[in-house]
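# the following comprises the amino acid sequence and a computationally predicted model.
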Amino acid sequence: MTNTTNLNISLVAQNQAQKEVTVNEALSVIDAILNRGAIDRGLNTPPGSPVEGDLYIVGAAPTGACRSLPRKNASV
């Protein structure tokens, strides 16, 4: 799958099944990035009580639910 250069948003491929999944994920990324600033930067453990819409920037050595997201944006 091809992604955009700057925000790494997944692009819809020709003849792709379930295009709505790719488009919805891309819109969620755009919403998270453009909506407001991150609550915390470099967070390696999942936040204790996040609220829907919160944005965190995961650190370099994440643990728990953040383990697969090093240096990525994590939106609740």
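Sure, I can see it. Model, not experiment: these values are computed from the prediction. Numbers count the residues shown, from 1 in each chain.
# tell me who's in contact with the residue located most distally from the centre of the chain.
Taking C-alpha atoms, centre = their mean, the residue of the chain most remote from its mean C-alpha position is residue 15, at 25.0 Å. Contacts of residue 15 were listed using C-beta atoms under 8 Å, 6 or more residues apart in numbering, and none were found. (Each C-beta comes from the backbone N, C-alpha and C, glycine too.)
# just the pLDDT for it.
Among the per-residue scores, residue 15 shows a pLDDT of 81.
# how about residue 75?
66.
# buried residues in stretch 3-19, which are they?
For stretch 3-19, the neighbour count (16 or more other C-beta atoms under 10 Å) marks 9-10 as buried.
# for it, measure first residue to last.
Counting by C-alpha to C-alpha, to the nearest Å, you get 14 Å between the two ends of stretch 3-19.
# ok, stretch 14-24 next?
With C-alpha to C-alpha as the measure, the first residue of stretch 14-24 is 17 Å from its last.
# just checking, residue 25 touches residue 10?
Yes: assessed by C-beta atoms under 8 Å, residue 25 is found in contact with residue 10 at 6.2 Å.
# show me where this structure has its strands.
All strands of the chain, identified by DSSP state E, fall at 40-43, 55-58, 73-75.
# which of those has the lowest average pLDDT?
Per-stretch averages of pLDDT across those put strand 73-75 at the bottom, with a mean of 66.
# picking up where we left off before, winner for burial among the strands of the chain?
strand 55-58 (a mean of 20; mean count of other C-beta atoms under 10 Å).
# format the strands of the chain as JSON lines; extra columns: distance to residue 30.
Rendered in JSON lines, the data for these read as follows (distance: least, C-beta to C-beta, whole Å):
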{"stretch": "strand 40-43", "distance to residue 30": "20"}
{"stretch": "strand 55-58", "distance to residue 30": "12"}
{"stretch": "strand 73-75", "distance to residue 30": "11"}
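# which among these is found nearest to residue 4?
strand 73-75 (14.1 Å; C-beta to C-beta).
# in this protein, which helix or strand is least confident?
For the chain, counting by mean pLDDT, DSSP states H and E, strand 73-75 ranks last in confidence among helices and strands (a mean of 66).
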